[in-house]
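1. predicted coordinates and the sequence they were generated for:
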Amino acid sequence: MTQPYSFDEFFSSNQEESVSPFLTPDSRKWGKNLPLKSTIVAGILLLLAFGLSFIDLSLAFLCLSGVYFFAGTPALINAIHDLRNFEINIDVLMTLAALLSVAINSQFEGALLLVLFEFSGAMESTVTRKTRSSILSLRRLSPRTTFFIDKEGAVYERSVKELKVGDLILIKIGEIVPLDGEVAEGRSYVNLVHLTGESEPVLKVVGDEVAAGAHNLDGTLTLRVKRVSADSTLSRIIKLITEAQETKPKIEQFLKYFGKRYAILVILLVIFFAFFLPIAYGIPYSGREGSIYRVLTFLIAASPCALIIATPTAYLSALSCCARRGILLKGGTFLEAAAQCKIIAFDKTGTLTSGVLKCTEIKTVRGPPLEKNLALLIAASLEKHAVHPMAKAILDLATTLHIQTLPVQELHSIPGYGLEGKVGSFLAKIGHAEFVTDTPLPESDTATTYLLVQESIVAFHFEDPPRPGIALLLEELKKEKLRLVMLSGDHASHAHKVAKQIGIEEVFADLRPENKLSQVEALIRYAPLMMVGDGINDAPALTRATVGISMGKMGSSTAVNASDIIFINDNLSLLGWFLKKCFQTQKILKENISLALSIILLATTPALLGFLPLWVIVILHEGGTVLVGLNSLRLLKK
């Protein structure tokens, strides 16, 4: 069951009002994405009005009134708000052009402008809310309460926000560590995947530090709190994501800069010519040749309808095509940003690799050689009672080889060490090297667990294999003269081994979330950077990168929310196709903008001089809009 919002979580998350704890579930449904819903209704009414205009004009204008109500009211309110703040931008110009078009009997054109204008704004708001949800997902990762141990040894539940540095807390099997602490008592394997990106369990004993968010796998731990809630590892990751969001490049900055000055210029020209033409040339104010008619025609000609839809239609077509291939973008502007990237930084585990440990070798390292299938049978029989990734890898291999497990007698689980029991006639132990023998065993450059059967010690080696076809993908990206980098939380030896297999030469290993973020910030100084990752530890770097890409199936919800683009089927082989689609989108976008600007430049001056009547301006204006839309539809092709 989903936990209810606490007040501090709601207000700090900047979520839309539809998730407010003050609202009932039914009210939330109606309030969610309300601007987008009203825009869709306005679009349907506009289509009905156009169809009815050939049958019954009164019904057509009734539907058109609905369009102005649903799409025009929000635009008018926002325009008034901007004007009160002495801010004249392209939004004000669009609203003014749409509403004044009624005065010159061009209601359909004005309605179309309003619908497209409001749809673009609603999509932008939806994307913004999705990116903010990453912080809320992180807050929910850490428990809000934990078991506190007082000075008398009594244990009771307490809010993590009430705990101080030095307090003792009890972490049971399967629980999430709520605060950074040091092991005061106990021994257990924990999963630190949110920090390192590696799913390999890590042994924690007395004196070791355990980070908040770690998953306690098989033992009970008593931790001494080292950092309070506000300073914990998860809180630091939240802070990193927030800072990265604030420093994220503003892709639309130039368009907004241009739009404000363009809108002010057009409005000033309209006012100027409305009074200048009668004074300088004796043109009357009213009538079809009057200055009011001319400046309104000029305003419609200068209204950037085709220019406004040039970007969203191209982006929406490309977004639709990408979605059919399993690539979800949180906004069309990331197509432009991706096309500009010259560096691609990859996380290792779960991105370049499958993210699932596989048992790659079974080898007797001491004592009489033990037949591999027998060793696997005994190991799988024991490990079916465990939950860590190595156990799953052993069971998967046994299943593949059709090896049936046997019942285990006298089974004992020693938290932080391993398992022991009797499988058939064999007494066996499996787990950490210290658990199966008192003497040192040969060092391994892979993740390893050991099985003791009588006098034989068998090593089970595990690796996270590269994704199928990843080497071919990287070779394709190199041909595009892209700089490829691996950023991994894994040990340097493991990271370099995988990099050598797949063809990446530049590797940075042993990175924590803050290290990955720092490395991305260092690389981004040279050129725009694309980051590809899948874990919570990648979230700050994904947010800071020019473009962040996450894996949808394997990736954590935080990484998915922090990223700009999601490969929902984890099919990273589509990255090359996606980049080509980005380049094609930019080409068509330039064509659209050139066409839209050309029509504005060719139509405005003749309209002002009275050489072109209103109906010609409307045809040019709408014809340009249609051409831009048709050109954008070319991006729907796969």
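-> Cool, the structure landed.

2. give the helix, strand or coil label for residue 530.
-> Secondary structure, DSSP: H, G, I helix; E, B strand; the rest coil: residue 530 is strand.

3. touching, it and residue 339? I think so.
-> No - the pair residue 530 / residue 339 is not scored as a contact, 10.2 Å apart, by CB atoms under 8 Å. Using the backbone N, CA and C atoms, a C-beta is placed for each residue, glycine as well.

4. of the two, which one has the most company?
-> Shown here are residue 530 and residue 339; by other CB atoms under 10 Å, residue 530 has more neighbours (25 against 19).

5. which residues touch the more buried one?
-> Contacts for residue 530 (CB atoms under 8 Å, 6 or more residues apart in numbering) come out as 338, 341, 343-345, 545-549.

6. show me the helices in the stretch 351-500 of the chain, by range?
-> In the stretch 351-500 of the chain, helices defined by DSSP state H, counting those that start in this stretch lie at 372-383, 389-400, 433-436, 470-479, 492-502, listed in chain order.

7. just the strands from the stretch 451-600 of the chain, written as ranges.
-> 456-463, 483-487, 506-508, 529-533, 547-551, 565-567 (DSSP state E, counting those that start in this stretch).

8. please produce a markdown table containing those strands, extended by mean pLDDT and distance to residue 105.
-> Below are the strands of the stretch 451-600 of the chain laid out as a markdown table (pLDDT from 0 to 100; distance: least, CB to CB, whole Å):
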| stretch | mean pLDDT | distance to residue 105 |
| --- | --- | --- |
| strand 456-463 | 92 | 73 |
| strand 483-487 | 94 | 58 |
| strand 506-508 | 92 | 64 |
| strand 529-533 | 91 | 50 |
| strand 547-551 | 87 | 46 |
| strand 565-567 | 83 | 45 |
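
9. just checking, residue 298 touches residue 609?
-> No - under the criterion of CB under 8 Å, residue 298 makes no contact with residue 609, lying 9.5 Å away.

10. more crowded one of those two?
-> When residue 298 and residue 609 are compared for neighbours, residue 298 comes out ahead with 24 against 11, by other CB under 10 Å.

11. for the more buried one, give its distance to residue 72.
-> Residue 298 sits 22 Å away from residue 72, going by CB to CB, to the nearest Å.

12. got the domain ranges for the protein?
-> According to automatic domain parsing, the chain comprises the domains 143-231, 327-353+467-583, 358-463.

13. mind checking how far the longest one is from the chain centre?
-> This means domain 327-353+467-583. When distances are taken as CA atoms, centre = their mean, to the nearest Å, domain 327-353+467-583 is centred 12 Å away from the chain's centroid.

14. repeat for stretch 592-600
-> The mean C-alpha position of stretch 592-600 is separated from the chain mean by 33 Å, CA atoms, centre = their mean.

15. that older thread, which one of the domains of the chain is the most hemmed in?
-> domain 327-353+467-583 (a mean of 21; mean count of other CB atoms under 10 Å).

16. and the end-to-end length of that domain?
-> Start-to-end span of domain 327-353+467-583 (CA to CA, to the nearest Å) is 16 Å.

17. out of the helices of the stretch 351-500 of the chain, the one nearest residue 43 is which?
-> For the helices of the stretch 351-500 of the chain, proximity to residue 43 was assessed by CB to CB; helix 470-479 is nearest, at 39.6 Å.

18. returning to what we had before: next, format the helices of the stretch 351-500 of the chain as a markdown table and append mean pLDDT and distance to residue 220.
-> As requested, the helices of the stretch 351-500 of the chain are exported to a markdown table (pLDDT from 0 to 100; distance: least, CB to CB, whole Å):
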| stretch | mean pLDDT | distance to residue 220 |
| --- | --- | --- |
| helix 372-383 | 94 | 21 |
| helix 389-400 | 91 | 19 |
| helix 433-436 | 89 | 17 |
| helix 470-479 | 92 | 40 |
| helix 492-502 | 87 | 30 |
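
19. and of those helices, who's closest to residue 209?
-> When these are compared by CB to CB, helix 433-436 sits nearest residue 209, at 20.2 Å.

20. who touches that closest one?
-> 414, 417-418, 429-430, 440-441, 448, 450-452, 457.

21. list just the nearest of these to residue 291.
-> Looking across those and measuring by CB to CB, the closest to residue 291 is residue 448, at 86.4 Å.

22. now do the contacts for that closest one.
-> Per CB under 8 Å, 6+ apart, neighbours of residue 448: 433, 459-462.

23. then residue 447?
-> 200, 357, 390, 461-463.

24. which pair in the residues you listed spans the largest distance?
-> 200 and 461 (12.3 Å).

25. in CSV, list the contacts of helix 433-436 along with distance to residue 213.
-> As requested, the contacts of helix 433-436 are exported to CSV (distance: CB to CB, whole Å):
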residue, distance to residue 213
414, 25
417, 24
418, 25
429, 31
430, 28
440, 33
441, 32
448, 26
450, 29
451, 31
452, 34
457, 35
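
26. next step: the residues you listed restricted to strands.
-> Counting by DSSP state E, the part of the contacts of helix 433-436 found in strands is 414, 418, 429-430, 448, 450-452, 457.
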